[in-house]
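Trainee: model this:
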Amino acid sequence: MPGNFRRSGFLMLVLHAHLPFVRHPEHHDMMEERWLFEAITETYIPLIQMLSDFHARGIVARFSMSITPPLANMLADKLLSQRYLVYLKKLLSLAEKEIKRTLLVPALNETARLYLQKFQNSILIFESWQCNLIRAFSFFQQQGLLEIFTCCATHGYLPLMQQHPESVSAQIEMAVIDYKQHFGCQPGGIWLAECAFNPGNDEILKRFGLKYFFVDTHGVLYADPRPTCGVYAPIKCPSGVFAFGRDVESSRQVWSAHEGYPGDFNYREFYRDIGFDLDKDSLHPFMHETGVRLNTGIKYHRITSRAPGEKDYYNYHKAMEIVASHVAHFIESREKQIRHVAGSIGQPPVVVAPYDAELFGHWWYEGPEFLALLLRKIAMESSVIGLATPADFLRQFPEHQVAMPSQSSWGHRGYNEFWLNKSNDWIYPHQDAASERMVELCRRFPEASGLQKRALNQAARELMLLQSSDWAFIIRNNTTVEYATRRVKDHTFRFTRLYEDLLSNSISESWLREVEKRDNIFPQMDYRIYGPDRFNNR
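Mentor: Sure, this is the predicted structure:
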């Protein structure tokens, strides 16, 4: 933390970058793949732009970021990269048409030109990193601008796997293996999916060399024993692994539906998109092949009011003025908070501010500008706040209270309920049965080779994809329920067929090849990470 030793306290800005593994080579144009494409254009490329600017100007404004294994595998995937460029070029064509269509409405035309510039810039940046943004993030980590950590292999929800410790261990081991594959080094810590922690998970993290993780506020506040510094210092688990707790105040200022900055009436309205406003002929060739209307990312209106009705036109320049005022307010609030807390606990506090990365740019259009200005002003102007990553803070302050965080998660009520309720509880018997069978397969085939080994490795992939917390989240959130339900059923079916084919020695090489092509996450998979002897001997 260069120059930070005189600061009163520290802001630990944490971005959690995650999307479920969505890759469908069997379809020419899969709507759900656009989740990735939108996030690349609206969040990940703006982050890389910000880091490039900091690097060019010599600004050391450190923050931390998880890049989950599913997201890393998608960002490095050649098929998805090719499809993203096709998507982006269609979007560029649509933006050019919009400039012509809006010529007689200056307020719209100015915004249309901003979109065209954004999409042109996205192509340049994407291609400058050989269409693999993992290379960009890895480069900026090597340059000391950010700290990247990992997440459970497929964002698996660990507290609901406790009866199958091999599955918990495999989620962590595969995450570390995959991180090394993409970033060429050992991850320092991990973002536990959904901030979900169960006492004892820390021992597994320690086995794989992970030094820290994050929990929601109550995970630290209800630790045993109660921590004397609350969430303003990490606690040290008996295993020696550190837990950082989320700060409520900094989260509320950004996330709250009523108090949060993204709800300002001058910011761009997310839910008003030309994909639903224009006639279908005007949207060609960006329309989905089925004719279903989709978001284009081209939006001309500001929030205006929470009341239903017509929205006013968006003004980017006015929005940037509001960004500057919100950054100033956030810094002022953190400085007051840090001064107050430092006087109470007698040591420099750390304010842990975690957010979903996709908030910045995708959900909150002005978010990347807020983030860049915030980091720059703290790094260059604040005499109170220092910027710290988890490794930075632990290096400078290695001694902390020993306590065990409580079982906890974020989400509704904070104790697993969002991921286990009457809407999605049907998923877990399938996960449990597959976990038991995977361990059984490891016992039966301890040293497989050839086609048999390929089938076992694919069974492990299907189990991990089945364990993704995203399917339960989507179903509980009542969004793309049909898609999430189908993914649970598809991975259950593929795992079950592989299991039965292995036991009956009747593996279809052609069918297996098709499944390997479709669910190709973790090319370095070794099914033996589920082996009970391997787990017990760690």
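Trainee: When you work out contacts or count neighbours from here on, use the C-alpha atoms and nothing else.
Mentor: OK.
Trainee: What segments of the stretch 151-300 of the chain are helices?
Mentor: Assigned by DSSP state H, counting those that start in this stretch, the stretch 151-300 of the chain shows helices spanning 165-183, 201-207, 217-221, 248-255, 274-277, 280-283.
Trainee: who's in contact with the third one?
Mentor: The set of residues that contact helix 217-221 without belonging to it, under C-alpha atoms under 8 Å, 6 or more residues apart in numbering, is 197, 226-227, 230-231, 235, 243-248, 405-409.
Trainee: Can I get it in PDB, CA atoms only?
Mentor: Presented in PDB, the C-alpha positions along helix 217-221 are these (Å, rounded to 0.1, in the frame of the first residue of the first chain):
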ATOM      1  CA  THR A 217     -21.900  -8.600   8.000                       C
ATOM      2  CA  HIS A 218     -23.600 -10.900  10.400                       C
ATOM      3  CA  GLY A 219     -21.100 -13.700   9.600                       C
ATOM      4  CA  VAL A 220     -18.500 -11.600  11.500                       C
ATOM      5  CA  LEU A 221     -20.800  -9.900  14.100                       C
END
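Trainee: who does the lengthiest strand in the chain touch, helix- and strand-wise?
Mentor: For the chain, the longest strand by residue count, based on DSSP state E, is strand 9-17. With contacts defined as 3 or more C-alpha pairs under 8 Å, 6 or more residues apart in numbering; DSSP states H and E, strand 9-17 has these neighbours: strand 63-67, helix 316-345, strand 350-356, strand 385-387.
Trainee: after the shortest one, next one along is what?
Mentor: Right, the one you point to is strand 385-387. Using DSSP states H and E, the helix or strand that directly follows strand 385-387 along the chain is helix 390-396.
Trainee: Poorly predicted segments of this protein, please.
Mentor: Within the chain, the stretches with pLDDT under 70 are 1-6, 257, 533-538.
Trainee: Show me the domain layout of it.
Mentor: 9-23+35-76+132-268+314-413, 422-536 (automatic domain parsing).
Trainee: got the contact list for the longest strand of the chain?
Mentor: Contacts of strand 9-17 (C-alpha under 8 Å, 6+ apart): 63-68, 71, 191, 338-339, 342, 348-358, 384-390.
Trainee: how about a cut-off of 6 Å?
Mentor: Applying C-alpha atoms under 6 Å, 6 or more residues apart in numbering, the contact partners of strand 9-17 are 63-67, 338, 348-357, 385-389.
Trainee: Give me the angle between it and strand 350-356.
Mentor: Calculated by axes from the mean of the first three to the mean of the last three C-alpha atoms, to 10 degrees, strand 9-17 forms an angle of 20 degrees with strand 350-356.
Trainee: Now do the buried residues in the helix or strand that strand 9-17 is followed by.
Mentor: Once the chain leaves strand 9-17, the next helix or strand it forms, by DSSP H and E, is helix 34-39. Buried residues in helix 34-39, counting neighbours by 16 or more other C-alpha atoms under 10 Å, are found at 34, 36, 37, 38, 39.
Trainee: repeat for stretch 416-434
Mentor: 416, 418, 419, 420, 424, 427, 428, 430, 431, 432, 434.
Trainee: go on, stretch 98-118?
Mentor: Buried-residue list, stretch 98-118, by 16+ other C-alpha under 10 Å: 98-99, 102, 108-116, 118.
Trainee: do stretch 470-484 as well
Mentor: Neighbour counts over stretch 470-484 (16+ other C-alpha under 10 Å) mark 470, 471, 472, 473, 474, 475, 476, 481, 484 as buried.
Trainee: how long is that stretch from one end to the other?
Mentor: Its start and end residues considered, stretch 470-484 measures 8 Å (C-alpha to C-alpha, to the nearest Å).
Trainee: Please apply the same query to stretch 253-270.
Mentor: The straight-line separation of the ends of stretch 253-270 (C-alpha to C-alpha) is 19 Å.
Trainee: Check the offset of that stretch from the chain's centre.
Mentor: 20 Å (C-alpha atoms, centre = their mean, to the nearest Å).
Trainee: what sits up against that stretch?
Mentor: 301, 302, 303, 304, 305, 319, 364.
Trainee: Okay, strands next: where are they in the chain?
Mentor: Along the chain, the segments classed as strands by DSSP E run 9-17, 63-67, 146-151, 189-191, 212-215, 235-236, 242-245, 350-356, 385-387.
Trainee: Nearest spatial neighbour of residue 354, chain-adjacent residues omitted?
Mentor: residue 14 (4.4 Å; C-alpha to C-alpha, 6 or more residues apart in numbering).
Trainee: How much space separates that neighbour from residue 232?
Mentor: Counting by C-alpha to C-alpha - residue 14 and residue 232 are separated by 15 Å.
Trainee: go on, residue 109?
Mentor: Taking C-alpha to C-alpha, one finds residue 109 at 47 Å from residue 232.
Trainee: hang on, the earlier thing: could you check the angle strand 63-67 makes with the longest strand of the chain?
Mentor: Using the same axes, to 10 degrees: strand 9-17 against strand 63-67 is 20 degrees.
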